[in-house]
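Q: Quick one: sequence and predicted model below, then my questions.
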Amino acid sequence: MSTSGYSFPSGHAVASAATAVALVLVFLPPGHDRRKWEWIAVAFVFVMALSRVYLDAHWFSDAVAGVLLGAGIAFGAAALATEVWTLLRRSSQQPVASGTLPAR
């Protein structure tokens, strides 16, 4: 198999890392079960990245950069979504007038 053109970073590694990390972050609450699935996601991404190197589609550095970029995208998107969710929840609460006690 012959590849040509630019290959940095590996698109397969970016997609697999972003998808695997995002799925674990979105669907599993922190805890023992999540830790197990985090390791499964790491194994999947590792195999995907190494398969790209094994098939001579990418250099090892292309695969590593793809994994880091994909994981960074997933973590950044999760952080942004969490921040937006927090701001929306704060804005939906009624503000308390200055000098008054909040209702109980």
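A: Great, that's in hand.

Q: Distance-wise, check the most centrally placed residue in the chain relative to residue 11.
A: Nearest to the centroid of the C-alpha atoms of the chain, with distances taken as Cα atoms, centre = their mean, sits residue 74, at 2.0 Å. Residue 74 sits 15 Å away from residue 11, going by Cβ to Cβ, to the nearest Å. C-betas here are computed from N, CA, C, even on glycine.

Q: likewise residue 23?
A: In terms of Cβ to Cβ, residue 23 sits 18 Å off from residue 11.

Q: So between the two, which is more surrounded?
A: Taking residue 23 and residue 11 together and counting by other Cβ atoms under 10 Å, residue 11 has the greater number of neighbours (16 against 13).

Q: With adjacent residues omitted, what lies nearest to that one?
A: The spatially closest residue to residue 11, leaving aside those adjacent along the chain, is residue 66, at 6.9 Å (Cβ to Cβ, 6 or more residues apart in numbering).

Q: residues touching that neighbour, list them.
A: The neighbours of residue 66, taking Cβ atoms under 8 Å, 6 or more residues apart in numbering as the test, are 9-14, 17, 49, 52, 58.

Q: One more: residue 49?
A: Contact criterion Cβ under 8 Å, 6+ apart gives 10, 12-13, 16-17, 63-64, 66-67 as the residues in contact with residue 49.

Q: wait, which of those residues is closest to residue 82?
A: Proximity to residue 82 was ranked across these by Cβ to Cβ; first place goes to residue 17, at 19.4 Å.

Q: Which parts of this structure are helices?
A: If you assign secondary structure with DSSP state H, the helices in the chain sit at 11-27, 32-54, 60-92.

Q: any idea which of the ones you listed is most buried?
A: helix 11-27 (a mean of 19; mean count of other Cβ atoms under 10 Å).

Q: relative orientation of that one and helix 60-92 in degrees?
A: Comparing the axes of helix 11-27 and helix 60-92 via axes from the mean of the first three to the mean of the last three Cα atoms, to 10 degrees yields an angle of 30 degrees.

Q: if we look at helix 11-27, which residues are touching it?
A: When contacts are taken as Cβ under 8 Å, 6+ apart, the neighbours of helix 11-27 outside the stretch itself are 34, 37-38, 41-42, 44-45, 48-49, 51-52, 57-58, 62-71, 73-75, 77-78.

Q: Thanks a lot, see you next time.
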